[in-house]
Structure formats: C-alpha cells, structure tokens
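Chemist: My questions are about this predicted structure, shown below with the sequence.
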Amino acid sequence: MTLSRATASDSKPLMMPGNVRAIQVVSLVDDLGELGTGVRISELAKKTGIDSQVLISVLSAGEMLGLIENENGNLFLSEEGLKLKEVQMAKVSAILKEKVAPIEPFRTAIDLASKGGRTTAGEIAKTKGSRHRMALQT
C-alpha cells in the first residue's frame, strides 16, 4: 500500500476524503507519535485496531495536510505533525483551519462564508458544481 502526497501545485485542486474527520487525523498523529518513526501501515492498523480502508483515507488526509510522511510504506510524523503533537488542543483547531483552507470542499466553504457570513452544505455543493462545470468548459 502506498499513499501519494497531493500538493497545491498539482493540476487538480486538493480534495479531502469525504469520510475523514479532523479528530481522526489528530488521533492518528497522536498514535503515530506514540508508536515511533518508521511504522509500517500494516503495523499501525494492527496496533490501533483501525480498519485498513479507513486508515488509508485518514493517512491520505494526514499527508495532504502535511502532518504525516510516507517513505516507501514507512510512516513518519512530519515537522508539522510533530508540532501539532506538542501544542495544546486549543491551538489544534487553528492549525488545522489554516491547513484545510486550500483543500476542497473547505476552500469553497471559506469563500462563501467570507462573502455572506454563513453558508450551508447545499450552497457549497452548488458552488463547487458550478466551478467544476466552468473548469471543464475551459
């Protein structure tokens, strides 16, 4: 199993896996920090008891956020992941907010909220759909 790290410079916009919650990523960073560096994905799944399909999605999100690194199947906390592990929970929210800003659907949600103050999931989906159709036409 290998994970590919998406970057903001890739041609496609970053897209957070829809089945991943922030608390799962934070918990995984914590688990990985406790298990040490160079843990294999299979070992992490066994020690945490997390279903491997769920684990892959959470690891992908952690990589996308720059918190976890995968080198040939060996998992490490990045510098940012190590920092996150050290900060108090009050600051975790602010750090994650900054990290998710360029990733869809968060980018659209932030854009809409900054214009109108509040937004709904339906408005986000409608706007994302319009943007996607416009991108396909160009």
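Modeler: All right, it came through fine. This one's a predicted model, so the numbers in the text were calculated from it and none came from an experiment.
Chemist: separation between Glu79 and Ile110?
Modeler: Applying CB to CB, to the nearest Å, the value for Glu79 to Ile110 is 25 Å. For every residue, glycine as well, the C-beta is placed using N, CA and C.
Chemist: what does Leu35 give?
Modeler: When CB to CB is the yardstick, Leu35 and Ile110 sit 33 Å from each other.
Chemist: In contact with Gly66: list those residues for me.
Modeler: Taking CB atoms under 8 Å, 6 or more residues apart in numbering as the definition of contact, the neighbours of Gly66 are 78, 80-81, 99.
Chemist: Model confidence at it, what's the number?
Modeler: At Gly66 the predicted local distance difference test score is 91.
Chemist: Can you check my assumption that it lies in a helix?
Modeler: No. When classified by DSSP: H, G, I helix; E, B strand; the rest coil, Gly66 is found to be coil rather than part of a helix.
Chemist: quick one, phi psi at it?
Modeler: According to degrees, to the nearest 10, the main-chain angles of Gly66 amount to phi 80, psi 20.
Chemist: and what of the one 4 residues further on?
Modeler: Reported as degrees, to the nearest 10, the phi and psi values for Asn70 are phi -120, psi 110.
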